[in-house]
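Peer 1: this is a predicted model, with the sequence first.
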Amino acid sequence: MKTRNALLSTIAVLAMAAVSAATSAGAATSTPIKRLGSATLGSISSSSGALAEGSLETFDFPEFDFVNREIPHSGLSAARVPASHVPRPAGNAVASSNPGFSGFNGLSHLDQRAAGTGLYTNTQFSLEPPDQALCVGNGFVLESVNTALRVFNATTGAAVTGTIPLNQFFGLAPEIDRTNVVFGDFTSDPKCQYDADTGRFFLTLLQLDVDPPTGAFSGRSHVLLAVSQTGNPAGAWFLYSIDATNDGQNGTPSHPACPCFGDQPLIGADANGFYISTNEFPIFAGGFNGAQIYAMSKTAAAAGTLSAVQAINAGAIAAPDGGIWYTVQPATTPPGGTYASASGGTEYLMSALDFSGTLDNRIAVWALTNTSSLASPTPSVSLSVAVIDSEVYGQPPDAQQRPGATPLADALSIKPPKEKLELIAGNDDRMNQVVYANGRLWGAVNTVVKTQNGPTRVGIAYFAATPSVSGAAVSATMATQGYVAVNQENVMYPAIGMNAAGKGAMVFTLVGPDVYPSAAYVTLDEVNGAGAVHIAGAGAGPEDGFTGYKREGADGRTARWGDYSAAAVDASGDIWLATEYIPGGDRSSLANWGTFVSKVTP
């Protein structure tokens with residue numbers, strides 16, 4: 001839930017000297033969690049996907065996300081790594097076939113925009129990009145993008161439910177009543193996970209209260225949690241709400257400049273707990289309070305008895321160079337995988353350290369220890385962090401795309417200014433989805449790369465660290481690392497799925513001067529690294545969405561894209577992947593993005 005243009009705070013100048021590994025710890029405080037009741041997904045009516053073009057949306061009514069937040073990189077900070085050290089990987093070949101692959105089209109902008117019936121008819125905003133959630137288990141695939149979700153049959157790819165607004169699922173007010181111009185709850189950034197231990201699906205969502213007549217934020221925010229009551233995600237769910245305002249009210253701690261909200265909730269789980277990490281921003285002021293982590297008993301959540309969570313302010317833990325910790329990604333463990341059991345149970349996490357938005361050569365490995373205590377009336381967990389050296393990675397550029405038909409740009413160009421073919425946003429180099437498998441902690445980031453005989457492009461840097469804990473302190477070493485890049489083209493927004501045997505795949509978008517935005521992947525393991533690039537869903541045209549056009553209030557240059565992709569592993573060890581691309585066929589008036597869901601047998 002972010003755009004690229006907001007500068008929220010200035011971070012202290014980075015020291016040029018190398019930083020040795022250091023460990024610091026954070027304590028948890030108990031925060032109440034509210035039961036919202038239950039909902040049955042399959043009982044909710046859903047639309048057929050029909051959208052009356054021209055009557056529901058006009059070119060003079062742009063519908064951006066109306067929270068403009070970003071990682072608080074500072075343009076005033078000095079780079080830790082000289083600009084001449086931009087990575088120059090050899091590049092990956094593009095494969096001509098996809099053995100062990102199958103896939104189908106997931107949700108599109110048209111699906112998300114047209115979702116909802118009854119009270120929720122024609123109440124969805126047009127949103128870019130499709131913030132991606134994907135979870136797989138018990139024969140089902142649940143995909144969510146932005147503020148809609150759908151369940152598919154994992155064997156056939158057939159839809160089990162229609163496309164359902166998340167506001168409708170959680171019993172919230174519709175996003176907007178266009179007839180009366182009344183605004184409802186602002187929601188964004190879904191994530192989901194199937195937990196094989198409990199046999200339940202977990203889904204999270206960011207929510208902010210608004211003033212109905214104006215849509216302005218009214219000052220309270222929450223992280224919503226839904227947990228399926230059975231292994232069938234089309235059935236009943238328990239619904240919970242965590243107050244993330246952190247202004248000292250409702251049992252929350254008092255943080256600087258709050259009321260605040262927790263941007264982009266991230267999720268993970270170990271043998272004992274379910275974990276949510278957010279980036280905390282003040283609602284009515286500038287600033288950044290850093291990552292916040294919420295830990296809870298996953299068995300209590302699955303049983304519908306969860307009454308409190310353990311909250312840790314990771315942003316208050318000392319960071320190198322005067323930085324503030326951001327985007328601390330909890331790890332998932334694949335079905336059949338071995339959890340970290342030392343120190344009373346351990347959940348590992350990872351984050352990047354590019355506080356200046358330039359180049360860096362470090363990552364952070366985190367550990368939340370004594371997670372077995374989450375099941376007790378008085379949990380006692382502790383968070384620690386260690387910084388380790390890594391390959392160089394850094395702020396990516398925006399991506400050029402192959403020219404093609406752009407009907408929205410053409411329509412908007414009837415009046416000046418003439419719209420140009422959009423670039424695609426490379427966003428930033430925050431840590432993406434993290435997996436703990438076979439004793440390794442895998443993660444990846446967008447990065448700038450220098451391709452052969454060409455300008456800088458967007459590439460991917462991936463890492464596999466070996467973590468360990470002694471008491472409450474974490475340490476780690478780098479087991480393997482590498483890059484994914486395609487000569488002259490861009491690869492961006494990675495998500496890694498790794499099975500219990502340490503075999504995996506990484507999904508991303510492939511786009512460039514010669515390639516329409518396409519869904520792609522590489523196989524990945526510790527011995528062979530990243531293989532050739534496989535195109536799962538070939539793009540049918542360029543991105544032609546409203547977020548890059550001046551007539552729609554944008555900068556007239558760069559379209560929102562990706563924010564993140566998603567990966568999951570099923571009980572057979574197959575890797576499921578989902579990412580944004582441009583399909584052919586029907587589209588809405590304001591955007592033409594879609595998503596592609598792949599299954600890869602590594």
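Peer 2: That came through fine. None of the values given here were measured: they were computed from a predicted structure.
Peer 1: tell me the mean pLDDT over stretch 147-165?
Peer 2: Stretch 147-165 shows a mean pLDDT of 96.
Peer 1: same check on stretch 299-317?
Peer 2: Averaging pLDDT along stretch 299-317 gives 97.
Peer 1: also stretch 415-432?
Peer 2: Averaged over stretch 415-432, pLDDT sits at 93.
Peer 1: mind checking how far that stretch is from the chain centre?
Peer 2: Taking Cα atoms, centre = their mean, to the nearest Å, one finds stretch 415-432 lying 18 Å from the centre of the chain it belongs to.
Peer 1: and that stretch, which residues are buried?
Peer 2: For stretch 415-432, a neighbour-count test (16 or more other Cβ atoms under 10 Å) marks 419, 421-432 as buried. C-beta here means a position set from N, CA and C on the backbone, and glycine is covered the same way.
Peer 1: with stretch 404-415 instead?
Peer 2: By 16+ other Cβ under 10 Å, the buried positions in stretch 404-415 come out as 406, 408, 409, 412, 413.
Peer 1: in TSV, list those along with distance to residue 229.
Peer 2: What follows is the buried residues of stretch 404-415, written out as TSV (distance: Cβ to Cβ, whole Å):
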residue	distance to residue 229
406	46
408	42
409	47
412	47
413	51
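Peer 1: which of those residues lies closest to residue 553?
Peer 2: residue 412 (11.3 Å; Cβ to Cβ).
Peer 1: give me phi/psi at that closest one?
Peer 2: Main-chain torsions, residue 412, degrees, to the nearest 10: phi -70, psi -20.
Peer 1: got it, and residue 410?
Peer 2: Residue torsions, per degrees, to the nearest 10, at residue 410 are phi -60, psi -40.
Peer 1: now it: how far from residue 422?
Peer 2: Applying Cβ to Cβ, to the nearest Å, the value for residue 410 to residue 422 is 13 Å.
Peer 1: and of the buried residues of stretch 404-415, the nearest to residue 261?
Peer 2: Taking Cβ to Cβ as the measure, residue 261 sits nearest to residue 408 out of these, at 30.9 Å.
Peer 1: so what's the closest one up against?
Peer 2: Residues in contact with residue 408 (Cβ atoms under 8 Å, 6 or more residues apart in numbering) are 419, 544, 545, 546, 549, 589, 590, 591, 592.
Peer 1: quick one: buried ones out of these?
Peer 2: Buried members of the contacts of residue 408, scored by 16+ other Cβ under 10 Å, are 419, 544, 545, 546, 549, 589, 590, 591, 592.
Peer 1: I'd like to know which elements the lengthiest strand in the chain is packed against.
Peer 2: In the chain, taking DSSP state E as the definition, the longest strand is strand 456-470. Applying 3 or more Cβ pairs under 8 Å, 6 or more residues apart in numbering; DSSP states H and E, one finds that strand 456-470 contacts strand 346-352, strand 359-369, strand 382-394, strand 440-450, strand 473-484, strand 490-498, strand 503-512.
Peer 1: which of the ones you listed sits closest to residue 187?
Peer 2: strand 490-498 (21.2 Å).
Peer 1: just to revisit the earlier point, which ones among the buried residues of stretch 415-432 lie within strands?
Peer 2: Members of these lying in strands (criterion: DSSP E): 423, 424.
Peer 1: please tabulate the buried residues of stretch 415-432 in CSV, including the columns distance to residue 373.
Peer 2: Formatted as CSV, the buried residues of stretch 415-432 follow (distance: Cβ to Cβ, whole Å):
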residue, distance to residue 373
419, 56
421, 55
422, 50
423, 49
424, 45
425, 42
426, 41
427, 37
428, 35
429, 35
430, 30
431, 27
432, 29
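Peer 1: how much space between residue 519 and residue 151?
Peer 2: As defined by Cβ to Cβ, residue 519 lies at a distance of 20 Å from residue 151.
Peer 1: now swap in residue 442 and tell me
Peer 2: Separation of residue 442 from residue 151 (Cβ to Cβ): 27 Å.
Peer 1: same question, residue 348
Peer 2: According to Cβ to Cβ, residue 348 and residue 151 sit 30 Å apart.
Peer 1: these two: who's more crowded?
Peer 2: With neighbours defined as other Cβ atoms under 10 Å, residue 348 and residue 151 compare such that residue 348 has more, 26 against 23.
Peer 1: wait, isn't that one in contact with residue 342?
Peer 2: No: using Cβ atoms under 8 Å as the test, residue 348 is too far from residue 342 to be in contact (10.9 Å).
Peer 1: residue 222 contacts residue 243, correct?
Peer 2: Yes: counting by Cβ under 8 Å, residue 243 is a contact partner of residue 222 at 5.7 Å.
Peer 1: ok so, going back, select, from the buried residues of stretch 415-432, the two members most distant in space.
Peer 2: 419 and 431 (34.0 Å).
Peer 1: how far is the longest strand of the chain from where the chain is centred?
Peer 2: So, by Cα atoms, centre = their mean, the centroid of strand 456-470 is 17 Å from its chain's centroid.
Peer 1: repeat that for stretch 345-357.
Peer 2: With Cα atoms, centre = their mean, you get 15 Å for stretch 345-357.
Peer 1: how about the helices of the chain, start to end?
Peer 2: Per DSSP state H, the chain carries helices over the ranges 109-114, 166-169, 298-303, 407-412.
Peer 1: and residue 568, bridged to which residues?
Peer 2: Beta bridges link residue 568 to residue 576, judged by DSSP bridges.
Peer 1: just the strands in the stretch 251-400 of the chain please.
Peer 2: Counting by DSSP state E, counting those that start in this stretch, the stretch 251-400 of the chain has these strands, from start to end: 260-269, 273-282, 290-297, 308-313, 329-332, 346-352, 359-369, 382-394.
Peer 1: need those in CSV with distance to residue 480, can you?
Peer 2: Listed next are the strands of the stretch 251-400 of the chain as CSV, based on distance: least, Cβ to Cβ, whole Å:
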stretch, distance to residue 480
strand 260-269, 21
strand 273-282, 25
strand 290-297, 26
strand 308-313, 30
strand 329-332, 17
strand 346-352, 14
strand 359-369, 13
strand 382-394, 10
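Peer 1: residue 574: which of those strands is closest?
Peer 2: The closest of the strands of the stretch 251-400 of the chain to residue 574 is strand 329-332. By Cβ to Cβ, the value is 15.3 Å.
Peer 1: then the closest one to PDB, C-alphas only?
Peer 2: What follows is strand 329-332, C-alpha atoms only, in PDB (Å, rounded to 0.1, in the frame of the first residue of the first chain):
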ATOM      1  CA  GLN A 329      10.100 -10.500   6.800                       C
ATOM      2  CA  PRO A 330       9.000 -13.500   8.900                       C
ATOM      3  CA  ALA A 331       9.800 -16.900   7.500                       C
ATOM      4  CA  THR A 332       7.500 -19.700   6.500                       C
END
